[in-house]
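# Next input, structure requested:
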Amino acid sequence: MSTARQGVHEAREELGGRLRSIRVAAELDGRTLAQRLGWPPSKVSKIQLGRQAPTAGDIRDWVAACGAPEAAGELLVLLRDLDGRYAEWRRQLREGHAVVQRSWAETEAAADTLRVFETCWVPGLLQTADYAAARFREHARLNDSPQDTDAAVAARLARQEALYSPGRKRWHILLTEAALLYGVASAQVMRAQIDRLVSATTLPAVRLGVIPFRKRLPVSPAHGFWIFDDKQVIVEVVSAELRLGLPEEVAQYRKVFDLLASSALYDADARRALTAAAESWI
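Model (predicted):
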């Protein structure tokens, strides 16, 4: 089982464990609860062990039967995350990369504050057309997905229009110095991409930080992630995209983000680091 799929299984077990705790607190055994709900006892057992995912109605009925209807809210969040928590890239990309980009645009549009951390490439919101094309070609090769590079680049650049639109939306974007130096595109493309980042440091709605090499970090930059309004986290792994929404999950990612942000260079310091990285590509 992949790490991502294992995470889904563990989340289902956690949901079952929480439901079991509510039953135990109500001093009900599994057979009695099943009788109250009109279920076979095996259904209660399977849900508690994470072998069967409950429906939203199952959860509401369970907590009501245990005299704890107020517990439904957080459990329903966990259930929602089970449904959309793991999305394989091969499945998402069947219709091409442009469709995925438009879906991302909708997710971004619904948030007022986005916190972005990337370890090895420039976030899509700040990519040049040539850099984005290189990324889409790489993704297509890896996932055997449609080579809709031109349409995908156009959709990604359309997402960037929000950076220049007046309003309340704000972006805090962090990237490591490694993202500036990995050869994910040609030297010419990398130089132009870094020049684009220099310009981005002056955008009113964007706070761009660069985490330099050789600086002692309070937490390891394990992988990239996006935080939307402190309500949802999206993590891209090699085979899939994870969408996490449990309050404790979001809080942990926010803690990591804030710790990394404290080590980043901003404004003039960031521009100096970016200029030095661009010169290394000459």
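
# quick one, helices of the stretch 101-250 of the chain?
Taking DSSP state H, counting those that start in this stretch as the test, the helices found in the stretch 101-250 of the chain are 129-143, 149-159, 178-181, 187-200, 247-261.

# As CSV, those helices with mean pLDDT and distance to Leu274 would be great.
From N, CA and C alone the C-beta is placed, and that goes for glycine too. Formatted as CSV, those follow (pLDDT from 0 to 100; distance: least, Cβ to Cβ, whole Å):
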stretch, mean pLDDT, distance to Leu274
helix 129-143, 93, 14
helix 149-159, 94, 21
helix 178-181, 97, 7
helix 187-200, 98, 5
helix 247-261, 95, 17
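
# Tell me which of the ones you listed lies nearest to Glu236.
Using Cβ to Cβ as the measure, helix 129-143 is the one of the helices of the stretch 101-250 of the chain that comes nearest Glu236, at 10.1 Å.

# could the helices of the stretch 101-250 of the chain go into TSV alongside mean neighbour count and distance to Pro221?
As requested, the helices of the stretch 101-250 of the chain are exported to TSV (neighbours: other Cβ atoms under 10 Å; distance: least, Cβ to Cβ, whole Å):
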stretch	mean neighbour count	distance to Pro221
helix 129-143	18	19
helix 149-159	19	24
helix 178-181	18	9
helix 187-200	18	17
helix 247-261	15	6
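
# Go through those and name the closest to Arg12.
Evaluated over these, closeness to Arg12 peaks at helix 247-261, with 14.7 Å, by Cβ to Cβ.

# Packing partners of the very next helix or strand once past that closest one?
The helix or strand immediately downstream of helix 247-261 is helix 267-279, counting by DSSP states H and E. The contact analysis (3 or more Cβ pairs under 8 Å, 6 or more residues apart in numbering; DSSP states H and E) places helix 267-279 against helix 178-181, helix 187-200, strand 206-211.

# Next, the angle from helix 267-279 to strand 206-211.
Helix 267-279 runs at 60 degrees relative to strand 206-211, counting by axes from the mean of the first three to the mean of the last three Cα atoms, to 10 degrees.

# Check the offset of helix 267-279 from the chain's centre.
Distance, stretch centre to chain centre, for helix 267-279: 27 Å (Cα atoms, centre = their mean, to the nearest Å).

# Quick check: mean pLDDT of it?
Summarised as a single mean, pLDDT over helix 267-279 is 97.

# ditto for stretch 94-110
For stretch 94-110, the per-residue pLDDT averages 87.

# what's the distance between it and the middle of its chain?
Taking Cα atoms, centre = their mean, one finds the center of stretch 94-110 at 14 Å from the center of the full chain.
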